[in-house]
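S.K.: the following block contains a protein sequence and its predicted model.
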Amino acid sequence: MKEAVIHVHRGGPLVALVGNPNCGKTALFNRLTGSHQKVANYAGVTVERKEGRLLSAEGKVLRLLDLPGTYSLNPRSPDEQVAVDVLMGRAVGEKRPDLVVCVLDATNLRRTLRLALAVKRLGLPCVVALNMTDLAKQRGLTIDVEALSRELGVPVVSTIAVRGEGVQQLRALLDDPAVWQAQQAAQQAATDAVGDHEHVRGILLRLGLDQAVPRLFSDRLDRVVLHPVVGPILLLALLFLIFQAVFAWAELPMQWLEAGAAWLGSEVESLLPEGWLRSLVVEGLIAGLGGVVVFLPQIIILFFFILVMEESGYLPRAAFLLDRLMGSVGLSGRSFIPLLSSFACAIPGIMAARTIANPRDRLVTILIAPLLTCSARLPVYALLISAFVPQREVWGGLELQGLVLFGLYLAGILSAMAVALVLKYLTAQGQVRTLMMELPSYHWPNPASVAAGLWLRVKIFLRRVGGIILTMTVLLWFLASFPAPPIGATGPAIEYSLAGMLGQALAVIFEPIGFNWQISIALVPGLAAREVAVSALSTVYALSAATEEAAAQALMPLIAQDWSLATALSLLVWYVFAPMCLSTLATIRRETGGWAMVWVSAGYLFALAYAASFIVYRVALALGAG
Ligand SMILES: Nc1nc2c(ncn2[C@@H]2O[C@H](COP(=O)(O)OP(=O)(O)OP(=O)(O)O)[C@@H](O)[C@H]2O)c(=O)[nH]1
Ligand SMILES: [Mg+2]
C-alpha cells in the first residue's frame, strides 16, 4: 500500500484524534472542523488520515488530523498502521503531532482506557474527550469526569460528538498553554500491557465502574437478528425489499425528470437556429446528461437503505451472518464491509480493504471488489431493464423489473464468490479464520446524518454528471459529428464521423457477442465512468436518428426497437463484469503498490465479461431471442 501524500496548509500546531474504532472520532472531527467525513456505526469507517482546520476558542489556528481507529499501538492491519505511524512520527510527509486528543468511548471504558494509557506513555501532550456520554447515561453509567482526569493525569472533557456537546469546552482547553507541555512524568511511569490491564482495573474500581453493564436493547434485538435461521432470512428479505423499492419508489420522480429533459430539449430546439450549436446542446448535452440524470432517484433510494443500515449498526451483523458463507470461499466476514462498500463504488471498497489484517485476504478482496455492482452501473441496468423487461407482477405482487435487478446484483455477488473460490485454490491458503469483529450497539439512525449522507451522494453524482460525464459527452459529440458526411451521402451523418468509423471497427470485435456499432462506441467512454455508456448511447442514438422527432425521443423506446433481446441480455451481462473504470484501476495500483494487480484484474474481468456475454448471446439466439 502506498500512502497518499496529503496537501496541507502548513500553518499551526498539529493535533491528532486517536481512539478505538467506532468511538466517534470522525463525528468529533466533523464538529470541530466543519467537515463532512464519513461517519457510520461500525469499526473501520475511516481508513486514511484526513486533515482539517480547527480554531481554538480564542481563535488560534490549529491543524486537526482524523485517524483510523486502532485497538492498540501494535498495528495489526494497514488502517491501524496509518494511525500508529502518525503517532510515532513515521507518516510520510507529516510531522509528529504536537498534541493528541484521545477519544474514549464512555460505554466501553475498559478497552478504550487501555489504549489511552499506551498513548499517554508515548509522552506526547494529551487531552481526553470522553465521548458517547449520552449512551453511557442511558445505560445508567455515571462517570466522574474530575476523578477520571485525576486518575489519568490529563484534562478530560465530556462530549456527545453527534450533538456537538462538549465541543466548545474542548476548543477552550486548547488555549491553555499547560496542555501543550510534554508529559515527562508519564514517561517515567511506563509499564507494559499487563500493567496497563491492572491499572485500568484499578481505575474502574475506584470510579465505581467495575461492573459489566448489559446492553439490554441490543442484546435482545441480536437474539433475533443473529439467530441462525431467522437472521439470514431477515437479511435476504431486507435486500429483496431494497431492490423492489429502487424500482417501485423511483418510478414517479423518474418520469418527472424524463419529462423535464424532454421539455428542455424541445424548448432549446425551438430557440436555437439549426446548426452545430443546436446539435451540441440538444443531441449532445441534453440527451446525454439527461439520459443519466433520470437515474438519480434510484441512486438516492439505494443509498437511503445503505445509510440506514450503516448508521443503525446492522452492517457488522450482516458480516457476522455471512461469515460462514464467506468462509466457504476462503474469506472471512472481515471482507464483507469492504465488499459492501463496493456497491456504492469499488474505490472506497478497495480502500476499506485496509481493515483486513491478512495480506492474502486483503488482495483477494481487492480483486473481487469490482465484481460487485457499483452504483454507476445502476443507470445501465435500469435503462436496459426498463426497455426490455415488461412491467408486470409475478408471484403475487413482486415487480418483475425489481426481480431482474435483484438477479443482476446477485449475479455480481455469485461471480465474486466464484472468483474468490478459484483464488482460494490457486493461492492454496484460504483457510478459514475466525472472525474477530465488534458488534456495536444499535443506534437509531439520526435523520440529520442520513439526510447529510444522501446529500453527499447527490453531490457526488451531480459532480460526476457535470464533470467526467459532461466532458466525455462533449468529446463524443465532436467525434460523432466530424468530419461531416461527404456530399451525396445517404445514411445519418454519424456513420461517416470519426466515432462512427471507430464504432464500426470495434464492432468487428464485439459482433460475436451481439453488440452493434452504436454499443461498441459507447463502451469506450464507458471506461472513464460506467454511466457514460448510457449518456453516450443517448447521444449516439440522438445523432443517428433519421428524423427530427426521432432525435427528440427518449433512448429507452429507441433501443427497445433497435436491439434484439439477445443483444440486450448480452450487454447486461457485460456490465455485470464490466472491465472496470480507469479510476478503479488507479486505486488498485495505489493500494497494491504496483502494476501487476492492475493487469491481473483488468485482464480477468475483460475475459470474464467477453466469455459470459458470448455464452448468454449465443444461448439467447438459440432460444429464439434474436
Ligand atoms: N449517541 C451517540 N452516538 C455517537 C456519538 N459520537 C459518535 N456517535 C455515533 O457513533 C458511530 C461511530 O462514529 P464515527 O465518528 O464514525 O466513529 P470513528 O471513531 O470515526 O470510527 P472509525 O473511523 O471506524 O474508527 C456513528 O454512528 C456516530 O453517529 C455520541 O457522542 N453519541
Ligand atoms: Mg472515523
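M.R.: Cool, got the structure. Ligands and ions are numbered 1, 2, ... in the order given.

S.K.: hey, let's count contacts and neighbours off CA atoms from now on
M.R.: Noted.

S.K.: in the stretch 201-350 of the chain, which spans are helices?
M.R.: Under the criterion DSSP state H, counting those that start in this stretch, helices of the stretch 201-350 of the chain are mapped to 216-225, 230-248, 251-271, 276-278, 287-293, 296-312, 314-328, 336-341, 346-352.

S.K.: nearest to residue 504, out of these?
M.R.: helix 287-293 (20.9 Å; CA to CA).

S.K.: give me the helices and strands touching the closest one, please.
M.R.: The elements that helix 287-293 packs onto, with contact taken as 3 or more CA pairs under 8 Å, 6 or more residues apart in numbering; DSSP states H and E, are helix 251-271, helix 470-481, helix 532-544.

S.K.: need the contact list for the residue of the stretch 301-450 of the chain found nearest ligand 2.
M.R.: Closest approach between the stretch 301-450 of the chain and ligand 2, counting by CA to the ion: residue 352, at 11.8 Å. Residues in contact with residue 352 (CA atoms under 8 Å, 6 or more residues apart in numbering) are 44, 45, 47, 337, 338, 341.

S.K.: what does the pLDDT read for it?
M.R.: The model reports residue 352 with a pLDDT of 87.

S.K.: is there a neighbour count for residue 59? I'd like the number.
M.R.: 11 (other CA atoms under 10 Å).

S.K.: that one and residue 239: what is the separation?
M.R.: 48 Å (CA to CA, to the nearest Å).

S.K.: name the SS class of the residue located most distally from the centre of the chain, please.
M.R.: What lies farthest from the middle of the chain is residue 488; by CA atoms, centre = their mean that is 51.9 Å. State at residue 488, reduced to three classes by DSSP: H, G, I helix; E, B strand; the rest coil: coil.

S.K.: phi, psi for it please.
M.R.: phi 90, psi 0 (degrees, to the nearest 10).

S.K.: can you check residue 51 too?
M.R.: Dihedral angles (degrees, to the nearest 10) for residue 51: phi -110, psi 150.

S.K.: residues contacting residue 538?
M.R.: 283, 287, 288, 291, 554, 555.

S.K.: count the neighbours of residue 593 for me.
M.R.: Neighbour number of residue 593 under other CA under 10 Å is 14.

S.K.: also the one 5 residues further on?
M.R.: As a burial measure, residue 598 scores 19 neighbours (other CA under 10 Å).

S.K.: pretty sure it contacts residue 589?
M.R.: Yes - using CA atoms under 8 Å, residue 598 is in contact with residue 589, at 6.0 Å.

S.K.: quick check, pLDDT for residue 275.
M.R.: On the pLDDT scale, residue 275 gets 81.

S.K.: over to residue 1?
M.R.: pLDDT, residue 1: 54.

S.K.: what parts of this structure come near ligand 1?
M.R.: 21-27, 39-46, 68-69, 131-132, 134-135, 160-162, 311 (CA under 6 Å from any ligand atom).

S.K.: show me which of those residues neighbour ligand 2.
M.R.: Checking these against ligand 2 by CA under 5 Å from the ion, the ones in range are 26, 46.

S.K.: from the residues of the chain next to ligand 1, which land in helices?
M.R.: Under the assignment DSSP state H, those contribute 25, 26, 27, 134, 135, 311 to helices.

S.K.: wait, which of the residues you listed is closest to residue 367?
M.R.: Closest to residue 367, out of all of those and judged by CA to CA, is residue 311, at 27.2 Å.

S.K.: thinking again about what came up before, neighbour count added to the contacts of residue 538, as TSV?
M.R.: Converted to TSV, these look like this (neighbours: other CA atoms under 10 Å):
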residue	neighbour count
283	26
287	31
288	32
291	26
554	19
555	23
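
S.K.: ligand 1: which of the residues you listed is nearest?
M.R.: Closest approach to ligand 1 among the contacts of residue 538 (CA to the nearest ligand atom): residue 291, at 35.0 Å.

S.K.: who are the contact partners of that closest one?
M.R.: By CA under 8 Å, 6+ apart, the neighbours of residue 291 are 258, 534, 535, 538, 554, 555.

S.K.: how about residue 255?
M.R.: Residue 255 sits in contact with residue 294, where contact means CA under 8 Å, 6+ apart.

S.K.: residue 173 too?
M.R.: Residue 173 sits in contact with residue 179, where contact means CA under 8 Å, 6+ apart.

S.K.: how about a cut-off of 10 Å?
M.R.: Neighbouring residues of residue 173 by CA atoms under 10 Å, 6 or more residues apart in numbering: 56, 57, 127, 155, 156, 157, 167, 179, 180.

S.K.: wait, which of these is closest to ligand 2?
M.R.: residue 167 (16.7 Å).

S.K.: still on that earlier bit, of the residues of the chain next to ligand 1, select the buried ones using a ChimeraX command.
M.R.: Per 16 or more other CA atoms under 10 Å, the buried members of the residues of the chain next to ligand 1 correspond to this ChimeraX selection:
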select :21,22,23,24,25,26,27,39,40,41,42,43,44,45,46,68,69,131,132,134,135,160,161,162,311
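
S.K.: quick one: name the residues of the chain near ligand 2.
M.R.: Residues of the chain lying close to ligand 2 (CA under 5 Å from the ion) are 26, 46.

S.K.: show me where pLDDT drops low in the chain?
M.R.: Within the chain, the stretches with pLDDT under 70 are 1-11, 183-194, 212-215, 428-436, 545-554, 579-580.

S.K.: if you set the cut-off to 50 instead, what comes out?
M.R.: 8-9, 186-188 (pLDDT under 50).

S.K.: what segments of it are strands?
M.R.: For the chain, the strands defined by DSSP state E occupy 14-19, 50-55, 61-66, 99-105, 126-131, 156-158, 393-394, 398-399.

S.K.: ok, which of these comes nearest residue 379?
M.R.: Comparing the strands of the chain under CA to CA, the one sitting nearest is strand 398-399, at 18.1 Å.

S.K.: which strands or helices does that closest one pack on?
M.R.: Under the contact criterion of 3 or more CA pairs under 10 Å, 6 or more residues apart in numbering; DSSP states H and E, strand 398-399 touches helix 230-248.

S.K.: buried residues, stretch 240-254. List them.
M.R.: 240, 242, 243, 244, 245, 246, 247, 250, 254.

S.K.: try stretch 505-521
M.R.: 506, 507, 510, 513, 514, 515, 516, 517, 518, 519, 520, 521.

S.K.: farthest-separated two in those?
M.R.: The span of the buried residues of stretch 505-521, defined through CA to CA, is set by 513 and 521 at 14.6 Å.

S.K.: output stretch 42-54 as PDB, restricted to C-alpha atoms.
M.R.: What follows is stretch 42-54, C-alpha atoms only, in PDB (Å, rounded to 0.1, in the frame of the first residue of the first chain):
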ATOM      1  CA  TYR A  42     -19.200   0.100  12.700                       C
ATOM      2  CA  ALA A  43     -15.500  -0.300  13.200                       C
ATOM      3  CA  GLY A  44     -13.200   0.700  10.400                       C
ATOM      4  CA  VAL A  45     -15.000   3.500   8.700                       C
ATOM      5  CA  THR A  46     -12.000   5.800   8.500                       C
ATOM      6  CA  VAL A  47      -9.000   4.200   6.800                       C
ATOM      7  CA  GLU A  48      -6.900   7.200   5.900                       C
ATOM      8  CA  ARG A  49      -5.700  10.200   7.700                       C
ATOM      9  CA  LYS A  50      -7.800  13.300   7.000                       C
ATOM     10  CA  GLU A  51      -6.800  16.800   7.800                       C
ATOM     11  CA  GLY A  52      -9.000  19.800   8.800                       C
ATOM     12  CA  ARG A  53      -8.600  23.300  10.200                       C
ATOM     13  CA  LEU A  54      -9.500  23.800  13.800                       C
END
